[in-house]
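here is a sequence with its predicted model. Questions after.
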Amino acid sequence: MAKLQTTKRARAFGVVLSGAFSLTMLATAGSAAHPEARDFDNRVFEVTRGAVAVRAEFLNDGALVLSGPHGRFEGRWRILDNQICTDFQTGPRAGVTCHTLSETASGGYATEDGAVLTPVARVVRF
């Protein structure tokens, strides 16, 4: 089986390029959630992947702020079908990436690459 390679543009459209250069749509095991933007609007999530945790602040204007061990990064977010897509100009997650979401028992979401988004607060702006 060929090792899968993704490009930033391919991930943005939910497409994976295999070693044989064929196109395959991303599929996920289990039940995928169908979140809406309002599920993320003005919400703060703790995002954990392994031993690393970051704070993700999703604003209703599409702005996203990540704060964690690698610093603070501002980007954009949006929901496409059952995926959350982010776009950062700098940082460890620079570029456009999309991840399929599955609901968790805690009322949050998990992604296919092992990240868990746990809601912790609502953003209140004055």
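Nice, I can see it.

lowest-scoring secondary structure element of the protein by mean pLDDT?
strand 23-25 (a mean of 26; mean pLDDT, DSSP states H and E).

in whichever helix or strand comes after it, what's buried?
Downstream of strand 23-25, the next assigned helix or strand under DSSP states H and E is strand 43-49. Buried residues in strand 43-49, counting neighbours by 16 or more other C-beta atoms under 10 Å, are found at 43-48. Quick note: C-beta positions are derived from backbone N, CA and C, even for glycine.

stretch 97-107 now?
97-102.

thought residue 35 was touching residue 81, still the case?
No - using C-beta atoms under 8 Å, residue 81 makes no contact with residue 35, being 9.5 Å away.

neighbours of residue 94, how many?
13 (other C-beta atoms under 10 Å).

mind checking pLDDT for it?
According to the prediction, residue 94 has pLDDT 88.

check the one 5 residues further on too.
Per-residue confidence at residue 99 stands at 93 (pLDDT).

skipping adjacent residues, who's closest to it in space?
residue 111 (3.9 Å; C-beta to C-beta, 6 or more residues apart in numbering).

just residue 73 next, same as before
residue 91 (3.9 Å).

wasn't the one you found part of a strand?
No - going by DSSP: H, G, I helix; E, B strand; the rest coil, the assignment for residue 91 is coil, not a strand.
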